[in-house]
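Trainee: Pasted the sequence and its predicted model underneath.
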Amino acid sequence: MDRIYLDNAATTPLDKEVIAEMVNVMENYYGNPSSIHAQGREVRTLVEKARKTVAGLLNAVPAEIFFTSGGTEADNMAIRCGIAAYGIKHAITSKIEHHAVEHTLEQLLKDGVIDKLSFVRIDSKGNVDYNHLEELLKENPRSMVSLMHANNELGTLTDIERVGDICERYDAIYHCDTVQTMGHYQHDVRKLKAHFIVCAAHKLHGPKGVGFIYVNHAVKINPLIYGGAQERNMRGGTENIYGIVGLAKALEMAYSKMEEHQQEIQELKTYMKEKLTAEVPGIFFNGETDPQNSLYTVLSVSFPEMDMADMLLFNLDINGISASGGSACSSGSNIGSHVLTGIAADPNRPSVRFSFSKYNTKEEIDYVIEKVKHIVEQNIVV
């Protein structure tokens with residue numbers, strides 16, 4: 001069997017139709033979209049067509065979509081520019097956010113841009129304590145709130161519409177990291193009440209190095225990157241034309257078959273969960289796993305304590321299986337998963353995140369379970 005790729009939460013393979021769309025642009029459209037001549041205008045049209053496509057899928061208007069280099073830049077833009085524009089001195093996040101959010105807020109605190117950074121409580125499965133969020137906002141209205149839609153390691157979903165309602169009551173600025181869910185769930189920004197949501201194209205079978213930020217029309221911010229009038233004066237730098245076209249194509253394709261892919265991938269995840277439970281003693285799952293509360297592309301497996309636990313991913317790799325994982329940070333050590341530490345996972349139990357896409361099959365899952373079972377049997381601590 002060929003190598004099995006189950007690390008789609010890290011990045012996804014490019015769809016062939018996306019590649020074809022990008023190659024067409026590479027071969028036939030080389031103008032600078034800021035140029036006023038015919039070749040420049042041609043390329044500008046491609047960018048604006050892509051912007052219109054993205055906006056239409058999100059129920060946004062084109063003027064609310066700005067293309068970036070990816071999710072990390074988009075998160076930084078939302079947080080840094082939102083805080084600066086409104087003079088915000090208090091931010092709220094969680095201990096299990098992506099580092100693009102957590103590290104950015106910690107740096108703003110260190111630099112004195114904000115005076116206080118609060119962490120909303122989460123439970124052992126990564127669920128947000130909404131009552132605690134409201135308590136924090138009662139004490140500190142007009143805060144910046146940054147909470148992700150789906151945790152990239154656990155798969156646990158946050159009720160982002162509920163978060164939006166709470167933020168609205170306390171006049172808070174709300175940024176939602178939607179990198180893991182963009183293209184996997186429908187996002188209607190008119191219902192969401194978020195001021196910012198973000199995308200990285202490579203999480204939905206698009207190219208790396210491109211993403212976007214949605215900025216609600218009611219929010220007025222200054223650019224994060226200066227140096228040109230690109231992106232409607234909101235992001236300096238010549239646009240990544242091939243990437244932008246590829247992003248729009250990938251998102252359009254994701255929306256066109258979203259329900260079909262969701263059902264197929266959820267069935268694979270459920271099948272793997274049930275087979276692992278039946279055939280590998282001592283395992284359990286990190287985060288939520290039921291379909292209503294869990295991202296259908298992610299399954300985080302906690303394995304029993306075993307000899308050479310740090311070699312688990314390596315053993316999977318030499319058996320042709322690509323996945324990711326780790327363990328909770330040990331006391332006094334920065335090495336390990338801050339997410340697993342954030343939910344107080346046992347640091348002696350190694351975890352593996354298996355993440356799925358439309359290209360995975362049941363036969364692949366059977367092979368993975370067979371190899372996992374063998375590896376655990378050979379290494380388990382008695």
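Mentor: That came through fine.

Trainee: Any regions of this protein where pLDDT drops low?
Mentor: For the chain, the stretches with pLDDT under 70 are 1, 309, 327-335, 380-382.

Trainee: Which parts of it are helices?
Mentor: 16-28, 38-58, 71-76, 82-86, 99-110, 130-139, 160-169, 189-192, 230-233, 241-256, 258-279, 312-318, 338-342, 362-379 (DSSP state H).

Trainee: With mean neighbour count added, can I get these in a markdown table?
Mentor: Just so you know, the C-beta spots here come from the backbone N, C-alpha and C atoms, and that holds for glycine as well. Formatted as a markdown table, the helices of the chain follow (neighbours: other C-beta atoms under 10 Å):
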| stretch | mean neighbour count |
| --- | --- |
| helix 16-28 | 14 |
| helix 38-58 | 17 |
| helix 71-76 | 24 |
| helix 82-86 | 18 |
| helix 99-110 | 18 |
| helix 130-139 | 16 |
| helix 160-169 | 17 |
| helix 189-192 | 16 |
| helix 230-233 | 16 |
| helix 241-256 | 23 |
| helix 258-279 | 16 |
| helix 312-318 | 16 |
| helix 338-342 | 23 |
| helix 362-379 | 16 |
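
Trainee: right, so of the ones you listed, which gets closest to residue 152?
Mentor: helix 338-342 (7.8 Å; C-beta to C-beta).

Trainee: Can you show me the CA trace of that closest one as CSV?
Mentor: Extracted C-alpha coordinates of helix 338-342, given in CSV (Å, rounded to 0.1, in the frame of the first residue of the first chain):
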residue,chain,number,x,y,z
HIS,A,338,0.4,23.2,25.1
VAL,A,339,-3.1,22.1,24.1
LEU,A,340,-2.8,18.7,25.9
THR,A,341,-1.3,20.6,28.8
GLY,A,342,-4.2,23.0,28.7
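
Trainee: Now do the domain split for this protein, please.
Mentor: Taking automatic domain parsing as the criterion, the chain consists of the domains 4-12+257-379, 16-256.

Trainee: can you list contacts of stretch 12-23?
Mentor: Stretch 12-23 is contacted by residues 5, 202-207, 242-243, 245-246, 249-250, 253, 357, 359 when judged by C-beta atoms under 8 Å, 6 or more residues apart in numbering.

Trainee: quick one: contacts for residue 137?
Mentor: The contact partners of residue 137, by C-beta under 8 Å, 6+ apart, come to 92, 143, 145, 166, 167, 169, 170, 172.

Trainee: and the two most separated of those?
Mentor: Most distant of the contacts of residue 137, by C-beta to C-beta, are 92 and 169, 13.8 Å apart.

Trainee: if we can go back for a sec, got the helices of the chain as CSV, with distance to residue 182 columns?
Mentor: Listed next are those as CSV, based on distance: least, C-beta to C-beta, whole Å:
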stretch, distance to residue 182
helix 16-28, 15
helix 38-58, 9
helix 71-76, 9
helix 82-86, 19
helix 99-110, 14
helix 130-139, 23
helix 160-169, 12
helix 189-192, 12
helix 230-233, 18
helix 241-256, 7
helix 258-279, 11
helix 312-318, 27
helix 338-342, 20
helix 362-379, 25
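
Trainee: So which of these is nearest residue 348?
Mentor: helix 338-342 (11.5 Å).

Trainee: Would you mind confirming that residue 371 is in contact with residue 318?
Mentor: No: applying C-beta atoms under 8 Å, one finds residue 371 not in contact with residue 318, separated by 9.7 Å.

Trainee: quick one, what contacts residue 358?
Mentor: Residue 358 makes contact with 205, 257, 261, 264, 265 under the criterion C-beta under 8 Å, 6+ apart.

Trainee: So which of the residues you listed is the closest to residue 377?
Mentor: residue 265 (28.5 Å).

Trainee: And that closest one, how far from residue 155?
Mentor: 12 Å (C-beta to C-beta, to the nearest Å).

Trainee: I'd like the distance from residue 348 to residue 302, if you could.
Mentor: For residue 348, the distance to residue 302 (C-beta to C-beta) stands at 10 Å.

Trainee: hmm, I was thinking of residue 203
Mentor: If you go by C-beta to C-beta, the gap between residue 203 and residue 302 works out to 24 Å.

Trainee: Have a look at the two and say which one is more surrounded.
Mentor: The neighbour comparison of residue 203 against residue 302 (other C-beta atoms under 10 Å) goes to residue 203, with 29 against 20.
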